[in-house]
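*Asks:* sequence first, then the predicted structure, then my questions.
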There are 2 protein chains.
Amino acid sequence: MSPASFDVVAIGSALVDVLADATIEDLARFEMVKGSMTLVDLARAATLYEAMGPAIEVSGGSAANTAVGVAALGGSVGYVGKVAADELGEVFLHDITAAGVVLGPTGRVEPSLDPADDRATGRCLVYVTEDGERTMATHLGVASTLEPGDLDEDFVARAQVLYLEGYLWDLGPAKAAMRRAMQVAHEADSLVALSLSDPFCVQRHQSEFLELLHGDVDVLFANEDEVTLLFGASTFDAAAAAAEETGILAALTRGAAGSVVVAASGATAIPADPVARVADTTGAGDLFAAGFLYGLTHGKGPETCARLGGLCAAEVISHIGARPRADLRQLAGEAGLL
Amino acid sequence: MSPASFDVVAIGSALVDVLADATIEDLARFEMVKGSMTLVDLARAATLYEAMGPAIEVSGGSAANTAVGVAALGGSVGYVGKVAADELGEVFLHDITAAGVVLGPTGRVEPSLDPADDRATGRCLVYVTEDGERTMATHLGVASTLEPGDLDEDFVARAQVLYLEGYLWDLGPAKAAMRRAMQVAHEADSLVALSLSDPFCVQRHQSEFLELLHGDVDVLFANEDEVTLLFGASTFDAAAAAAEETGILAALTRGAAGSVVVAASGATAIPADPVARVADTTGAGDLFAAGFLYGLTHGKGPETCARLGGLCAAEVISHIGARPRADLRQLAGEAGLL
């Protein structure tokens, strides 16, 4: 690997997570659908935050979590995302660079002094229920302004794999930036990986995501609900078969039931790593992708990639927060996966 | 209880904790003494933060943690402390009010736009080593400006017990405010409780703290190191005997060895509650004080007060962060302490 290249460059919404314990009744009261991510405006975010219990702030953002996971395994990673020049922006930038991720040249945006203006660092209110599942309300703030002009094409072209989060398809200018980034990556002979992010995100963009599987995307990350919705399938097996027909590499996660990798060589099921207690599922998919991408960029076969993904996901759901706390590289070494 | 009164009013430095895992080698490299709290200026705080690993932000502040603990047990609590009108100030105010604590009328301070100016919300960099112990570097920011003018005397006079953190003696104007608050409390026939905060804080203010025991302070909270230093004693038993001679009520904590309450009726040792795994000792003393103060303001004898303190301390050291996550009132009820 030349020092000028990255195993992975990830692009996503840069967010700080605000995590609080919540009950099913809280979710009903706030009219939130358990397990989903909803985009909210500034006023709604303020109302929800006021009603939320005492919280913990921790850097998040789906693709950023994945980037940190790849770095924790020893991979070289770049990240592109937008924060404001405010305290939460400082927190985000500190945490991701302290984790060993190289930030792309996208600058910080000066926040507006007008409180009605929306240019603060994005935040994601995360409600953690007793079963460890998370329900999210995201106010993107300045992350919503990502656009083609923010893209440093040389930085993107340095990736072996360009990794994009599906959430970005919710935003017109960000989507345009992603289309350009995919072009840049393919011109550089890199792979493009896409995470479907969330079942509701798939519902919003089903036809576009399906089109992307024909030439734009080489590696697909999806959980059971997402892939079933994507292909309009009635069962997971039917969805996996539909994924196989596209000819791309698909890593499909099934929570406690493990994962299924669909590759040219067929589909392989991999059991999940045991977890003593699920504390917070935030970041499970993101860290699965991290392990998988590390394997993919280090010459591992699909099954080992999925095992690496499972190991990283198991670590992150065993504690609060969507970024690893344990030494993932050591854990992966002990499991004989490096 | 009339709705206009509080069981406890706590005064302290309002801080947001920034917690990261650290090794003994990290502490040596940053020239920090394990287990201590050091005040640092803005430049040093920035240098330390830059070198710190990925972190979690969670509201803290010694007396604020105690206030939240009392509220979690079902007590009525007021809090006086100063934050800036910035994002971390918003986080602090949200978390403490969401926990059921009533904020005193001290307003938020508009932060300066000059980055060299120090009027941001205070923060405490907390290094958590593998043994769960915490080492702290605090940049007080706007919390350092607490002064007599910030004190609403009617608010203070509504407390059954006024609770002060020893850290405030590091600051001239804050100390003046505390002297006035103690007067107000005693004029209202309230008790005054003082936490010694930190062994180094005791070293800095030994003679003043000793003087306070003669009429200004009715209840003393200290750990083994702090009380031994305070009385210049060679053993804990000698320090406890010296405390008994002062005639005040002293709650002395000894970590895993439990606590000793020194009252008019003599000294009583209470064993510590078992903890499966010490995750982070931040807040152990603060939450011991919370349980003790709840008992004291609800007609419990010294031994039950200490048992309540032990129960709250055991809960808070079993997880990351210095504020309770479990339902302390339920735990205390199950233990037969309410």
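*Replies:* Sure thing, it's come through.

*Asks:* going forward, measure contacts and count neighbours with C-alpha atoms only.
*Replies:* OK.

*Asks:* what ranges do the helices span in the stretch 201-338 of chain A?
*Replies:* Shown for the stretch 201-338 of chain A, the helices assigned by DSSP state H, counting those that start in this stretch span residues A:224-230, A:236-246, A:284-296, A:302-317, A:328-334.

*Asks:* up against chain B, what does the stretch 51-200 of chain A have?
*Replies:* Residues of the stretch 51-200 of chain A lying close to chain B by CA under 8 Å from any CA of the partner chain are A:51-59, A:86-88, A:94-96, A:98-99.

*Asks:* need the contact list for the residue nearest to the spatial centre of chain A.
*Replies:* Among the residues of chain A, the one closest to the centroid is A:Ser62, at 2.8 Å (CA atoms, centre = their mean). A:Ser62 sits next to A:Gly12, A:Ser13, A:Glu165, A:Ser197, A:Gly283, A:Asp286 when contact means CA atoms under 8 Å, 6 or more residues apart in numbering or on different chains.

*Asks:* narrow these to those that are buried.
*Replies:* A:Gly12, A:Ser13, A:Glu165, A:Ser197, A:Gly283, A:Asp286 (16 or more other CA atoms under 10 Å in any protein chain shown).

*Asks:* from those residues, pick the one nearest A:Asp218.
*Replies:* Distance to A:Asp218, by CA to CA, is smallest for A:Glu165 among the buried ones among the contacts of A:Ser62, at 13.8 Å.

*Asks:* roughly how far does that closest one sit from B:Ala306?
*Replies:* 52 Å (CA to CA, to the nearest Å).

*Asks:* give me the buried positions along stretch A:260-268.
*Replies:* So stretch A:260-268, judged by 16+ other CA under 10 Å, has buried residues A:Val260, A:Val261, A:Val262, A:Ala263, A:Ala267.

*Asks:* ignore the last one, stretch A:220-238
*Replies:* In stretch A:220-238, counting by 16+ other CA under 10 Å, buried: A:220-231, A:233, A:236.

*Asks:* between those, which is nearest chain B?
*Replies:* Among the buried residues of stretch A:220-238, A:Phe221 lies closest to chain B (CA to the nearest CA), at 26.0 Å.

*Asks:* wait, what's in contact with the closest one?
*Replies:* Contacts of A:Phe221 by CA under 8 Å, 6+ apart are A:Ala193, A:Leu194, A:Ser195, A:Leu196, A:Ala250, A:Ala251, A:Leu252, A:Thr253, A:Ala289.

*Asks:* that older thread, show me which of the buried ones among the contacts of A:Ser62 is closest to chain B.
*Replies:* A:Gly283 (15.3 Å).

*Asks:* hang on, A:Arg158 packs against A:Val77?
*Replies:* No - A:Arg158 lies out of contact with A:Val77 (CA atoms under 8 Å); the separation is 9.9 Å.

*Asks:* okay, and the common contacts of the two?
*Replies:* Counting by CA under 8 Å, 6+ apart, the common neighbours of A:Arg158 and A:Val77 are A:Phe6, A:Val9.

*Asks:* out of those two, which sits in the more crowded spot?
*Replies:* The neighbour count for A:Arg158 versus A:Val77, taken as other CA atoms under 10 Å in any protein chain shown, is higher for A:Val77 (28 against 23).

*Asks:* so in terms of bridging, what pairs with the more buried one?
*Replies:* On the basis of DSSP bridges, A:Val77 is bridged to A:Val8.

*Asks:* with A:Leu164 instead?
*Replies:* Judged by DSSP bridges, the bridge partners of A:Leu164 are A:Ile11, A:Leu194.

*Asks:* I'd say it and A:Gly61 touch.
*Replies:* No - assessed by CA under 8 Å, A:Leu164 is found out of contact with A:Gly61, at 11.7 Å.
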